[in-house]
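**Q** missing the sequence, but the structure's below:
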């Protein structure tokens with residue numbers, strides 16, 4: 001992500017301070033800058049715009065200060081925070097680290113300090129997004145033992161990381177079974193969910209299952225006599 005793609009909220013109740021920070025961000029190429037002077041204003045902006053980062057003044061006016069505002073916002077929206085404050089005491093820092101903090105700017109700060117902390121924040125945001133992407137991707141991978149796995153997103157079956165060529169029906173079967181691991185799947189359930197045809201005979205289902213097993217002999221697919229099948233995860 002580049003600076004010009006960032007959407008940044010500046011929460012600051014002093015107009016001069018808010019304008020100063022916004023001008024620095026603009027000089028660094030940031031185009032989308034939103035201003036708020038209180039928690040309520042910040043919340044309205046958060047609800048309506050896709051924010052990447054918040055510069056939060058700790059000592060904003062009102063009953064809710066910057067740290068409490070960050071905590072409340074992050075109950076529903078995961079927003080990285082850079083705090084701006086005239087106080088760098090240990091108690092303030094201790095309270096702030098309980099939020100999704102990326103750093104501090106101690107007032108009065110210089111443009112080069114904003115540039116440095118923005119670069120660090122940008123790197124952290126990128127790493128967090130990559131981690132979340134990998135986590136989501138990993139959730140969609142079903143490990144089936146013996147170096148076999150099934151990607152639910154792409155509906156692809158792998159053995160030793162090599163994709164195995166399956167027919168459409170074989171793929172549908174494996175997808176359904178991977179979504180229902182360790183569950184007894186009846187012929188009737190397979191007709192309804194895989195074939196979408198109640199007239200398909202049990203022998204047709206058995207033939208398709210037999211072909212799938214030949215292509216993936218190490219899959220733990222067990223036959224339940226006169227009922228159906230179960231795919232077990234080792």
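**A** Structure received. Quick caveat, the model's predicted, so the values are computed rather than measured. Numbering: from 1, shown residues only.

**Q** wait, what's in contact with residue 173?
**A** Contact analysis of residue 173 by C-beta atoms under 8 Å, 6 or more residues apart in numbering lists 190, 194, 208, 209, 212. Using the backbone N, CA and C atoms, a C-beta is placed for each residue, glycine as well.

**Q** what number of residues lie near the fourth one?
**A** Residues near residue 209, counting by other C-beta atoms under 10 Å, number 18.

**Q** nearest residue to it other than its sequence neighbours?
**A** Closest residue in space to residue 209, ignoring its immediate chain neighbours: residue 229 at 6.3 Å, by C-beta to C-beta, 6 or more residues apart in numbering.

**Q** output the contacting helices and strands for the one helix or strand that neighbour maps to.
**A** Element membership of residue 229, judged by DSSP states H and E, is strand 228-231. If you count contacts as 3 or more C-beta pairs under 8 Å, 6 or more residues apart in numbering; DSSP states H and E, strand 228-231 packs onto helix 168-179, strand 185-186, helix 187-190, strand 221-224.

**Q** for this structure, just list every one of the helices.
**A** 15-27, 39-48, 66-73, 90-96, 111-139, 168-179, 187-190, 202-215 (DSSP state H).

**Q** can you give me the buried ones in stretch 108-115?
**A** Burial within stretch 108-115, assessed by neighbour count using 16 or more other C-beta atoms under 10 Å, is assigned to residue 114.

**Q** correction: stretch 54-67
**A** By neighbour count with 16+ other C-beta under 10 Å, stretch 54-67 contains the buried residues 54, 55, 56, 57, 58, 59, 60, 64, 65, 66, 67.

**Q** so the fifth one touches residue 99, yeah?
**A** Read it as residue 58. No - using C-beta atoms under 8 Å, residue 58 is not in contact with residue 99, being 10.7 Å away.

**Q** now what about stretch 97-116, what contacts it?
**A** Stretch 97-116 has contacts (C-beta under 8 Å, 6+ apart) with 17, 21, 24-25, 27-28, 53, 55, 67, 70-71, 74, 78-86, 88, 93, 96, 117, 120-121, 124-125.

**Q** now, of those residues, which are buried?
**A** Here, 16+ other C-beta under 10 Å leaves 17, 21, 24-25, 53, 55, 67, 70-71, 74, 79-85, 96, 117, 121, 125 buried among these.
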